[in-house]
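> Structure for the following, please:
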Amino acid sequence: MEYNYNICIVEDDLFFANLIQETLKNQGFRSSKIYTNPREFLTSNDPKEIIILDHHFSDLTGIEILRKLKGNNPNTQVIYLSGQEKMSVAITAIKYGAFDYIEKSTENLKKLPSVVRKVIENNKETVPDQMNLFKRSRLFKLFF
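Model prediction:
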């Protein structure tokens with residue numbers, strides 16, 4: 001099965017970013033782009049449907065990027081990757097809207113395709129729910 005979602009990989013380690021991309025490609029995820037520079041990613045006009053985001057960069061943290069992303073579009077789905085073993089990093093990432101947190105390792109990389117599928121399934125469930133809520137709202141009844 002092929003999945004056609006715009007997946008952005010924001011990871012300063014190009015080797016690991018390529019490993020992520022190949023892992024997703026082998027599981028049928030076609031569309032992914034790698035960004036090793038987080039500022040370039042933030043200013044790009046590329047669609048940002050699903051983001052796989054590293055924690056540590058030279059001039060920003062993944063948490064700062066996550067907050068900016070969610071501030072611009074709360075529906076953006078972020079899977080947070082980090083080599084940090086601190087539970088506080090995972091808690092903070094989830095607090096600011098990350099869909100999931102995965103500790104960075106080649107072993108844990110095997111979990112990534114199933115997490116991306118969960119993001120996609122979650123999006124399919126959320127959109128109809130939002131539409132049903134809107135249809136029940138006073139605004140909908142007023143205009144339709």
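> For the chain, which segments count as strands?
For the chain, the strands defined by DSSP state E occupy 7-10, 32-35, 50-54, 77-82, 100-103.
> Is Ala98 in contact with Ser82, as I believe?
No: counting by Cβ atoms under 8 Å, Ser82 is not a contact partner of Ala98; they are 10.1 Å apart. C-beta here means a position set from N, CA and C on the backbone, and glycine is covered the same way.
> can you redo the strands of the chain as TSV with mean neighbour count?
Output for the strands of the chain, formatted as TSV (neighbours: other Cβ atoms under 10 Å):
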stretch	mean neighbour count
strand 7-10	24
strand 32-35	18
strand 50-54	24
strand 77-82	25
strand 100-103	18
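> Of all the ones you listed, which one comes closest to Gly71?
Across the strands of the chain, Gly71 has its closest neighbour in strand 77-82 (12.3 Å, Cβ to Cβ).
> pLDDT on that closest one, on average?
The average pLDDT for strand 77-82 rounds to 95.
> Point out the other helices and strands that that strand packs with.
strand 50-54, helix 62-72, helix 87-95, strand 100-103, helix 112-136 (3 or more Cβ pairs under 8 Å, 6 or more residues apart in numbering; DSSP states H and E).
> Indicate which one of these is closest to Lys25.
helix 112-136 (9.9 Å).
> what is the mean pLDDT for that closest one?
The average pLDDT for helix 112-136 rounds to 70.
> ok, back up a step: would TSV of the strands of the chain with distance to Leu60 be doable?
Shown next, in TSV, are the strands of the chain (distance: least, Cβ to Cβ, whole Å):
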stretch	distance to Leu60
strand 7-10	10
strand 32-35	12
strand 50-54	10
strand 77-82	14
strand 100-103	18
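> Of all the ones you listed, which one is nearest Thr43?
Closest of those to Thr43 is strand 32-35, at 10.3 Å (criterion: Cβ to Cβ).
> Cool, thanks, talk later.
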